[in-house]
Each structure stands twice: as C-alpha cells, then as structure tokens.
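S.K.: what follows is a predicted protein model with its sequence.
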Amino acid sequence: MTIVAPVVGPGRVSARQAAITELGFRILSPMLSLTGSLTSPHRVAPDGHSTLGPHFGTAGSADDSRREIAAFFAHVTHETGHMCSRVETGGQSRNYCDSSNTQYPCAPNKGYYGRGPLQLSWNYNYGPAGQSIGFDGLNNPEIVASDPVISFKTALWFWMRTCHGPITTGQGFGATIRAINGNLECNGANSGTVTARVNYYRDYCGQFRVDPGTNLRC
C-alpha cells in the first residue's frame, strides 16, 4: 500500500513526489520493520517505562484505528516537511537543554533539537526514549536522525506516551496538536500551523475513508 502525503499550501510538492515509496526518508521500510514491536506482547524496560507495546493503530473500533494512523501521519508530514527532512531547520542554533532536569542531564556539546518523524526534542525526551528503545539518547542524540528504525521508534515512543490516549478516547485531533506543540500553536499562538496540521489530517482521513471526527483544533 502506498500512502500519499497530502498536497497542501504554497510550494507544495506533487502527489508523485510525495508518495512514500519515492521518498528518501524511506518511511515504509522502517514502519514495516517495526511490525513486531507494535504487535508483540507489551514490554517494560528496566527503567520502568513501557516500550512501544501492541496498541498503536489497534485501539478501539476500526474507525478509531484509522483516525489514529491518519493523525500520526498528519503530524509526521507537517513536522518533516512532507517527510523530506529528518532534522529541525535551524535546530542547531537553538537551546533544547533543560538544565533543571537532573534525571536526564545534558551531555557536553550535544544538541537535543528536533530529529525524526515527530522531531523529538529536549534532553528530558531523548534520555527516556533511549532508555526505553535501547540507545544512548543523551550522548548520541544524532542517531535519531541517522538510523531510520530508531528514528521511527522514537516517534512511536513519543506518540504512545502523549498522543495515543487523546486520539483513541474521543478527545479529537486537536488534543494531539496540544500534546506535540501546544504552547507554540494552540489558543491562537499560531493558527496557521494548526490549520496545516488539520488539513493534513483531513486528507489522510479521506484516504482511509474515515470521518475525522470533532475537536480538530486546539
């Protein structure tokens, strides 16, 4: 199956260019390689954090599953510029080190800017993501961009911790926007990016032939 990234807004790419099977990001192969992780019995890492577990895209009704998958790809499309970028534009110049977080202290000369399908950011996300998935997130954050399987595992790790619940319990797509970038986009902070995310979501729902539901904005 080929999922086509939506064509929305100025500077848009063609549907052919956006087809996942044609992208350098190679989205389909890593997703298929994670099938075992997503369907195997629920596991708990030594630090007590749950790993990916079996519930992504399988919770609730068939329509609930379609909406969750549509929501995931909508955010991935937005965060990566139609799945063409693995790292945050200008991220190296931004400080994503929360020095007050002593549980996951920043390593010297390491940047915790956005990487991967959902642009994993901050030391307090890289640290536990690495512990749960099996890589050194604090000392080797670069692997989130360089290894496609780890890249998608971090996206799914973040999704299951922050977005899976809201989208599968009827809170709507808007709740996932709030979970990902609420302070910068919701409550009128950046209505343009909210609209872009919603448009992607509607497009994917259309491809999956499912109603997008209510509460689409935040």
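M.R.: Arrived safely, thanks for sending. Fair warning: this is a prediction, and the values are worked out from it, not measured in the lab.
S.K.: where does the residue nearest in space to the middle of the chain fall, phi/psi-wise?
M.R.: Taking Cα atoms, centre = their mean, the centroid of the chain lies closest to residue 118, which sits 3.1 Å from it. Per-residue torsions, residue 118: phi -110, psi 20 (degrees, to the nearest 10).
S.K.: you'd agree it is up against residue 155?
M.R.: Yes: under the criterion of Cβ atoms under 8 Å, residue 118 makes contact with residue 155 at 4.3 Å. No exception for glycine: its C-beta is placed from N, CA and C like everyone else's.
S.K.: what average pLDDT does stretch 127-141 get?
M.R.: Taken as a whole, stretch 127-141 carries a mean pLDDT of 97.
S.K.: so for that stretch, first residue to last residue, what's the gap.
M.R.: Using Cα to Cα, to the nearest Å, one end of stretch 127-141 lies 9 Å from the other.
S.K.: check what pLDDT residue 22 gets.
M.R.: At residue 22, pLDDT is 37.
S.K.: sorry, back to before: separation between the residue nearest to the centre of the chain and residue 108?
M.R.: Distance of residue 118 to residue 108, given as Cβ to Cβ, to the nearest Å: 26 Å.
S.K.: now residue 95: which helix or strand?
M.R.: Using DSSP states H and E, residue 95 falls within no helix or strand.
S.K.: for residue 70, see how far away it is.
M.R.: 33 Å.
S.K.: please apply the same query to residue 211.
M.R.: Residue 211 sits 11 Å away from residue 70, going by Cβ to Cβ.
S.K.: then residue 177?
M.R.: As judged by Cβ to Cβ, residue 177 and residue 70 stand 14 Å apart.
S.K.: what do you get for residue 142?
M.R.: Distance from residue 142 to residue 70, by Cβ to Cβ: 30 Å.
S.K.: shared neighbours, residue 118 and residue 155?
M.R.: Any residue near both residue 118 and residue 155 by Cβ atoms under 8 Å, 6 or more residues apart in numbering counts here, and that gives residue 76.
S.K.: circling back: more crowded one of residue 95 and residue 70?
M.R.: residue 70 (25 against 11; other Cβ atoms under 10 Å).
S.K.: so the more buried one, which of the three states?
M.R.: Following DSSP: H, G, I helix; E, B strand; the rest coil, the label given to residue 70 is helix.
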